[in-house]
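Asks: Pasted the sequence and its predicted model underneath.
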Amino acid sequence: MRPPYEHHTDKMAHQALMWIERLGLGLVTIATFFSLAHELARMWHAGMVGLGDLLQLFLYLEVFSMINSYFGTGKLPMRYPIYIAMVALARYLLLDMKEMTETHMLAVSAAILILAISVLVMRFGHSQYPYEDIPEQKRDLL
């Protein structure tokens with residue numbers, strides 16, 4: 001069995017990539033925070049909150065949850081981006097429904113259904129065929 005870092009340069013490259021990854025996640029976190037603050041200020045000035053606004057807030061919360069999960073486990077469960085895509089499609093469907101044709105609405109709805117089924121398939125696969133190299137306490141995050 002090969003050691004994780006056979007050469008000093010491998011270890012240095014790994015450390016550099018880890019710091020770049022953390023910096024990128026930090027930037028995404030800051031950008032998401034500012035976007036959330038901008039959205040809240042817009043709703044405050046408008047004096048009302050619509051369903052599209054609530055779904056936008058859920059998108060921000062999902063991004064924060066995804067980043068938090070990654071910082072906590074070092075892994076990114078594929079469910080989070082799929083949840084984000086589902087909420088984004090639902091928001092798109094609600095906001096642009098008047099301009100959509102029936103076929104377009106059905107296509108967006110089918111896309112949401114396919115994403116929901118993919119989450120179910122992944123959850124089933126992870127429960128029936130768990131990864132052996134992931135510690136038990138982290139397995140439920142997938």
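Replies: That came through fine. Numbering: from 1, shown residues only.
Asks: residues contacting residue 112?
Replies: Residue 112 makes contact with 86, 89, 90, 93 under the criterion CB atoms under 8 Å, 6 or more residues apart in numbering. Glycine gets a C-beta too; all of them are placed from N, C-alpha and C.
Asks: go on, residue 116?
Replies: residue 86.
Asks: so which strand or helix has it?
Replies: Using DSSP states H and E, residue 116 falls within helix 102-128.
Asks: avg pLDDT for the helix or strand harbouring residue 42?
Replies: Residue 42 belongs to helix 8-46 when elements are defined using DSSP H and E. Averaged over helix 8-46, pLDDT sits at 91.
Asks: Can you read off the pLDDT for residue 75?
Replies: On the pLDDT scale, residue 75 is placed at 79.
Asks: Could you give the backbone dihedrals for it?
Replies: Backbone torsions of residue 75, given as degrees, to the nearest 10, read phi -130, psi 150.
Asks: Then residue 76?
Replies: With angles defined as degrees, to the nearest 10, residue 76 sits at phi -110, psi 100.
Asks: what helix or strand is the nearest residue to it once chain neighbours are set aside on?
Replies: Among residues not flanking residue 76 along the chain, residue 70 sits closest, at 5.0 Å (CB to CB, 6 or more residues apart in numbering). Using DSSP H and E, residue 70 sits within helix 51-73.
Asks: rewinding a little: tell me which residues in the helix holding residue 116 are buried?
Replies: Along helix 102-128, these residues count as buried under the neighbour rule (16 or more other CB atoms under 10 Å): 108, 112, 115, 126.
Asks: ditto for stretch 38-49
Replies: For stretch 38-49, the neighbour count (16+ other CB under 10 Å) marks residue 43 as buried.
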